[in-house]
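[1] Sequence first, then the predicted structure:
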Amino acid sequence: MLIFFCLFLCACLTLPKAVCRFVMSSVWKVLVQLHNVVNIPCDVCSNDECDDARVFSVVARAVSSNGTLLTECPEVIAEFTTRDIVQASAADPLEVKLDGRGERGAAVSAEWSTNAPTIGLMLLVKERQPTCERVIGSCEKNLVIDVSDVVQRRKIVTHIVGTEMGRVGVSLTVAPSDTAGYRRRLTEFLSQYNPGGLHLVDSVVRGIPEVETFTKLYRKYALVDYERRVRDFFRVYGREHAVQVPLLLKEWENREEELMHNLVLDNGPEPDNIDAETRLEAFLRAHNVSTATPDVARALRESNNTPFQLFEALSLKYGPEPDPRSYLFPPTHYELTQTQYQLRQLRPTSVPPIRAAENKWSPQREISSNGGTKREEEGKPFSQHQRQQTSPVILSVSHFDPPAATETDINGNGDHSYGKEKDTRSVNFGNNAVMSWDGFCDLLRRQWREPSDVYYMSEASFSAVAENMGYTKPDRDILIHQWQQRLRAAVREEVLTPGDAYYGTAMKEVLNLVGLQELNLEVVSVTMVSNREHASCFANRLLTAQQRATERLAIVGEYHRLRDIVVHGANGTAGEHNSRRNPCIVFHRLPFQNWNRKQFTCILVCDVVIGKPFVCTPLVKTAREATEEFRTEWDCCVFHDASGGQAVAVYDPQQVLPRYMVQCHVDVTVTPCPAHPSRAVEYYVADENAFACSHCVVLGKYRKKEVLAIEDAVAQARSRLADYKRDVHQLLVDLEARETDLVREVDDMSIAARRLEAEKEVERIRREAEERVAAVLRALEQAEEDQLNDIKLRRECVSKARDAADTLSENVTTALQHTNPLQILAALQRVQAEDELQYLRGEFRRSCIKINDTENGTRPDAPYAWTRTAIRDDDDALTIAADTGTRVNPLFEQIEDKMQRMEGIHMNTNSRQNYGYTSSIGTGVSTHLMETPQPEKNTTVNSLYAKYLAIASGAGKEEEEKEGLIHQPMNSNVITKKNSESNSALCALSAHPSEIRRAKEDITKGWALYRQGNTEGARRMWNDVYGCHLDNAIGARAQAYIAEALDRDYEAAAKWYDLSLQRDPSDVMTLYNYGVLLETLLGRLEEALMLFERAHTLGDGAAGRRAQQLRVSLGKI
């Protein structure tokens, strides 16, 4: 099998190029279109019959190389009548546009599928009469079409086929339905020129037409020289227009194939597609030279078989190349049938052929509100034999109005009969009808009415007016018939095609008038309309206006309703009206602002006499009432409608003159790409937070970015918004529960256990010291006030957060109801950028943090990993020894710092009330109740511990006497207790009192060094103390400080504290510090309580408060 495959591949590589293509793709699909017929014989339009029933059709058929009809390829048929034939000027040929006549039901395009790489195209022009049908034109030989070349390489080919009825424009384009072939061809191309872009094939096939894609690729990789093709075209068809080539190429950038297509249809075949021998023969004949001429022979030798170089050299030497239309196509002629010839002989007079219309629909005509000026023709045609047009029209042939109808042809059955006004009966009232109409107009004038008013009436209104004037039914029928004839004669319409010069201008103007982008409006057809009678009334109304000002406005509505405005005017039954009581015609400046889906509609663009407008305030939502006084001073009313857009109301139908009508699909949900406004947004670039079209993704700045299809992005955005909505709802529930809890906390404050304990404490303190009651009550009130303020603050925070969450929920709900993908994605971006949900969650967490425990009035217990120890030195200074082995929570650090400021605890102060401080989370009210400000004491003499040491060491009665003279007596219980234990202290302390004092000073200096961060200095200082006092309590205490504060060896510190107490059982400072160590760091609460109680019995008030707190936490109270 592998050998067979290799042989097959080798055989394919040796096949010719066309055969290889055929092997790769067995079915070729092309779209065949008929566009126009140019240079129609004048005899076709010389028929003076009132009812010209002839219908002409152009038929394209596919045939094989041997002439056999290919039945799998459908016929392409385009029909037209003499009323569709136009003439730009007297010197221009007659022409008809076929690709704008689709309303007749004939298919002007069809898709052909064939297995053969080459087929033939047979073209016929037929004439169908009521009694017969005949062929009046055909091509001399079938046109050979290289289908494989069209599909594989050129993508679009435009041909001009000559027949006896004129030149027919035919184009063959790669079929849009062949997406599989499109994908395969693009993959093959990128594999050869840009393998890195293969991952974009699917997005390109889905978003960009094949002709446009390959035009860009050919231009990017310089495979086709479009500039050379355009210059060569203008060198042949219009050298005077060659200066416009750069501007034209810039305007049609990346659409050069479409440009060449339009140029060929409007002028003639591309020079590269003309047989070189035929061109050379015509050139030599035109300049009367031959191939034997030396200059011609030299040009032939130097051209290297390149026609472009050959004819460029010949043109520089001998002059311009003759127009190919003068020698490629046969002369046109039209033969009358026998019946037509006999009828023409019987008539004494005849209507001349179609003449040029008086007013031309040019791109600049009446484009401004005050009337525009006509653009001069870009070039004048030069003479040609056989009536061939040679002056090029760069992009298209501008259309003119059809000729005005006469009394003899207004009963025709062409396209210009309008709905109800079309009368199929054969009525001939003769001169009596004309006289009856003239009498009717005179009677109207005698009744102070203008005859022009009848052109703004419906048939029922006109019949009612005639009946009121006394006309009988037969006379009314005559008048109605005359009225219908004049209506049809006054109204003219012309369907424009995309190739017409005014087509693009009309599209841009419509977009500006209705406030849409090009992508939002898909034009189906553009029809120029005119009403001769309405134009005359409009001009007279403009002269009588308060100010001679007009403006171009648009009405949106159903097709037949707008058609009725064109025929009968915007009278009392047409247009958009404010109310029955106040009839007026309303023009909305933004008629599509409330549309939310794609719809088919019709837009009628009109010139409106604005005159002197009355401008209402934005609060006024209806037009002013058309009173006589108002209409005397003002011509129209400008107001804001209910939807918020500006609108213009006019009260006189003669102020409105329709210009053209556009049938279109309007899709306001499509968003243009910021970089390419002509393309729709199809992708969302998540990394850039931007929207992009397929061009940006394939060839633009996002070609290497990860993108999402807009549908997928919308689905994700909806999902994210739904998640946000769910989270917001949950947050609302939590906030409501929190608010309820806070209200309950406020209600429970009056019966909290904290208050009961506080009252008990107050009673006890009152028994001890009456003077402290007021301070305790103030501390209690301050604590309650702080807590109440805290609760109020958190409650207010919760309330605000709840309001913000409600607002966020409404915004997210509104965003989910949007149908526009861009608005949904923009809402998601806004919610993510504001990050309001995260902020509200943070507010919720902050509202859960309480300063005080509301259940029992005590500080909440925290893990020992968050605990630090407060150690007192010999000068009663407080030092916080932190446990560096664990991590302290920053949040509790902030709360602890706040409580330190509230309780008045400061580092490096000598206040006795600071003895009971610990760094547990929060601080209970009981601390406030038990702490009372004490007067400062001398750091060396006034210390209780210093006094005890002085007494125990026999420092002398002189110091006690001095203390007695300076200070008030101490508590008798304390002095008694100290005296009772002095003997044990004397046994433990054998050193001299001066040495004890120096040792205490050294310990204090060690703590000072520790607070400054000099831990090594503190260690040296305490080691020196220990070295001097190995056998007494102060040396053991120095070692306890080293183990606790420096080494963090709390078990060793406990042993040293225990040794110190064995040597000096009455050392209050050691008792307190040892109790703090056991409580906060070792968890031996019972032992700590015993030490605190013992220290309290020795006169240490701080130890008593600490013991009280510990008893509460142990539940012994």
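    That came in fine, so what should we check first?
[2] For this protein, which residues score under the pLDDT cut-off?
    1-26, 46-51, 88-91, 100-107, 342-435, 571-582, 644, 849-991, 1117 (pLDDT under 70).
[3] Pull out the buried residues from stretch 621-632.
    622-624, 626 (16 or more other CB atoms under 10 Å). In this view, the C-beta of every residue, glycine as well, is placed from N, C-alpha and C.
[4] And stretch 513-523, how far out from the chain middle?
    Centroid displacement of stretch 513-523 relative to its chain, using CA atoms, centre = their mean, to the nearest Å, is 17 Å.
[5] Which other helices and strands does the host helix or strand of residue 997 contact?
    Residue 997 is part of helix 993-1011 when elements are defined by DSSP states H and E. Under the contact criterion of 3 or more CB pairs under 8 Å, 6 or more residues apart in numbering; DSSP states H and E, helix 993-1011 touches strand 878-882, helix 944-952, helix 1015-1028, helix 1033-1041.
[6] Okay, buried residues for it please.
    In helix 993-1011, counting by 16+ other CB under 10 Å, buried: 993, 996-997, 999-1000, 1002-1011.
[7] That one to helix 1033-1041, inter-axis angle?
    Using axes from the mean of the first three to the mean of the last three CA atoms, to 10 degrees, the direction of helix 993-1011 lies 10 degrees away from that of helix 1033-1041.
[8] what is the orientation angle of helix 993-1011 with helix 1015-1028?
    160 degrees.
[9] I figured residue 840 was touching residue 804, is that so?
    Yes. Using CB atoms under 8 Å, residue 840 makes contact with residue 804 at a distance of 6.1 Å.
[10] Same drill for those two, tell me which one is more crowded.
    residue 840 (22 against 18; other CB atoms under 10 Å).
[11] OK, contacts around the most centrally placed residue in the chain?
    Central residue of the chain (CA atoms, centre = their mean): residue 822, 3.9 Å from the mean position. By CB atoms under 8 Å, 6 or more residues apart in numbering, the contact set of residue 822 is 671, 681, 691.
[12] Heading C-terminal from the helix or strand hosting the last one, find the next helix or strand.
    For residue 691, the enclosing helix or strand under DSSP H and E is strand 690-692. Following strand 690-692 in sequence order, the next helix or strand is helix 694-698 (DSSP H and E).
[13] Neighbours of the closest residue to residue 43 other than its chain neighbours, how many?
    Distances taken as CB to CB, 6 or more residues apart in numbering put residue 334 closest to residue 43, at 4.2 Å, once the chain neighbours are dropped. Applying other CB under 10 Å, we find 17 residues neighbouring residue 334.
[14] doesn't residue 334 fall inside a helix?
    No. Under DSSP: H, G, I helix; E, B strand; the rest coil, residue 334 falls outside any helix and is assigned coil.
[15] just checking, it touches residue 41?
    Yes. Look at residue 334 against residue 41 with CB under 8 Å: they come within range, at 4.0 Å.
[16] Now the common contact residues for these two.
    164-165.
[17] ok so, going back, three-state assignment of the residue nearest to the centre of the chain?
    Here residue 822 is helix, with the state taken from three-state DSSP.
[18] what's the distance between it and residue 669?
    Residue 822 sits 9 Å away from residue 669, going by CB to CB, to the nearest Å.
[19] ditto for residue 441
    Residue 441 is 53 Å from residue 669, by CB to CB.
[20] isn't there a helix covering residue 626?
    No. Residue 626 is assigned coil when assessed by three-state DSSP, not a helix.
[21] Leaving out the residues flanking it, which one is nearest to it?
    In space, residue 626 is closest to residue 651, 4.4 Å off (CB to CB, 6+ apart).
[22] tally of neighbours for the one you found?
    Neighbours around residue 651, by other CB under 10 Å: 21.
[23] Touching, it and residue 634? I think so.
    No. Look at residue 651 against residue 634 with CB under 8 Å: they stay out of range, at 9.1 Å.
[24] Overlap in contacts, the two.
    In contact with both residue 651 and residue 634: no residue, using CB under 8 Å, 6+ apart.
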